[in-house]
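Q: What follows is a predicted structure for the sequence shown.
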Amino acid sequence: MAKRDYYEVLGVGRDADESTLKNAYRRLAMKYHPDRSPDNPEAESRFKEAKEAHDVLSDSRKRSAYDQFGHAGVEAGNSAGGGFSGAEAFSDLFGDVFGDIFGGGRRGARTDVYRGADLRYELELSLEQAVRGDSVKIDIPTHVACDRCESSGAEPGTQPVDCPSCGGAGRIRVQQGVFSIQQTCPRCRGEGRTIEKACRDCRGRGRVRHRRTLAVKIPAGVDNGDRIRLPGEGESGRNGGPPGDLYVDVAVADHSIFSREGRDLICEVPISFVTAALGGSIEVPSLDGQIVLKVPAETQSGRVLRLRGKGVRSARASGVGDLYCRVQVETPVNLTDGQKARLEAFDEAVTQGGTGHSPRATSWFDGVKHFFDRMGA
């Protein structure tokens, strides 16, 4: 009887990748394994058929020959259609279906191509750089492909060879009774290759230590904790693998005048006793230069005055924040005798004017008196 098409047997398309093939085989193997249906010859036949299809299609050379010439293309070298024994079949099923649990996988799989590691760099910016944006150069210590050996790890004039222990598979099978378990080859450590004479520059690693200088574009409005991703600027891959990414974490340094909360800026503004009492206009700093702040009369220390639109334009949200000025009434120091006398005369005049000049003090003393009256009661 003519053999069925291997893709039809597994129920996959002709463009199926290795993962799809493996999943399809697992499903059929678990369904038709002879141990599940010991008295069902049809199940045994279907199991053998699925195994043969998977063995061919999971091997790139056999699959290419099959795609071009059909069953005739792989008949000569295909031993999957030979004798069948329950122990051998269950051993293969254990390795293929459950191999991942024990660190195994498909037989003959090469896992010597690796993506490069991601790198992290903490970049400290001034507040002005974070608010306005900038282009900053940074030095990144990383690994790059060795030019001398072209990342092969072997001294020029020599080549890596297939590991004699695993035959280039990167894994070996260890027989434990009826079970066959795949393990990483201890000789080549899963690479599948060994280097007889290591490159003197990279010592067989295929990569060398290198310091690169990169220009990082800082978008306007970034803040503490923001992260900038630079694709492909991480560690180089191994054996042709893609490079990793570089993540730049932003840290904004403390500013001598301003603190920042999101889109808003906050600053402390000292004012004189006279300005606080009578009101007036003073110049205060902003990131755009000096601006005028109007101080209302009878302003108390700690009052916050807002200047709209003088904050920060965030990189994450639209609009501009505000500048909040927290005024602090400054007590005069280093007074002359004449100045002290004038202040004492002023204080006496205020006191004679009644409690209306000092509403906070009056309220506070009333509260204290009430507290002690309750304590005495």
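A: Good, I have the coordinates. Residues are numbered from 1 along each chain as shown.
Q: Buried residues, stretch 287-300. List them.
A: For stretch 287-300, a neighbour-count test (16 or more other C-beta atoms under 10 Å) marks Leu287, Leu293, Val295, Thr299 as buried. Any C-beta I mention is one placed from the backbone N, CA and C, and that applies to glycine too.
Q: Which secondary structure element is home to Arg212?
A: strand 207-218 (DSSP states H and E).
Q: If you could redo that for Gly73, that was the one I meant.
A: Assigned by DSSP H and E, Gly73 falls in helix 71-75.
Q: Run through the strands of the stretch 51-200 of the chain in chain order.
A: 119-125, 134-145, 161-162, 171-176, 179-184, 193-194 (DSSP state E, counting those that start in this stretch).
Q: Out of those, indicate the one that is most buried.
A: strand 193-194 (a mean of 20; mean count of other C-beta atoms under 10 Å).
Q: how far is that strand from where the chain is centred?
A: 33 Å (C-alpha atoms, centre = their mean, to the nearest Å).
Q: pLDDT of it, averaged?
A: Averaging pLDDT along strand 193-194 gives 82.
Q: So in that sheet, which strands flank that strand, and in what orientation?
A: strand 161-162 (antiparallel) (DSSP bridges).
Q: now what about the strand holding Arg212, what contacts it?
A: 123, 125, 129-130, 133-146, 151, 201-202, 228, 230, 233, 236, 238, 246, 248, 250 (C-beta atoms under 8 Å, 6 or more residues apart in numbering).
Q: Check the buried residues of stretch 287-300 against Phe69 and report the nearest one.
A: Leu287 (73.3 Å; C-beta to C-beta).
Q: quick one, what contacts the residue nearest to the closest one when sequence neighbours are not counted?
A: Taking C-beta to C-beta, 6 or more residues apart in numbering, and ignoring the residues beside it in sequence, Leu287 has Val131 as its nearest neighbour in space, at 5.9 Å. With contact set as C-beta under 8 Å, 6+ apart, Val131 has these partners: Ala220, Gly221, Leu287, Val312, Arg313.
Q: Report pLDDT for Val131.
A: Taking Val131 on its own, its pLDDT is 93.
Q: measure it to Val250 for me?
A: From Val131 over to Val250 the distance is 12 Å, taken as C-beta to C-beta, to the nearest Å.
Q: Run through the bridge partners of Ile291.
A: So, taking DSSP bridges as the rule, Ile291 has Val284 as bridge partners.
Q: same deal with the one 4 residues further on?
A: Under DSSP bridges, the beta-bridge partners of Val295 are Gly280.
Q: May I ask you to confirm that it is in contact with Phe273?
A: No - contact between Val295 and Phe273 fails when scored by C-beta atoms under 8 Å: they sit 11.8 Å apart.
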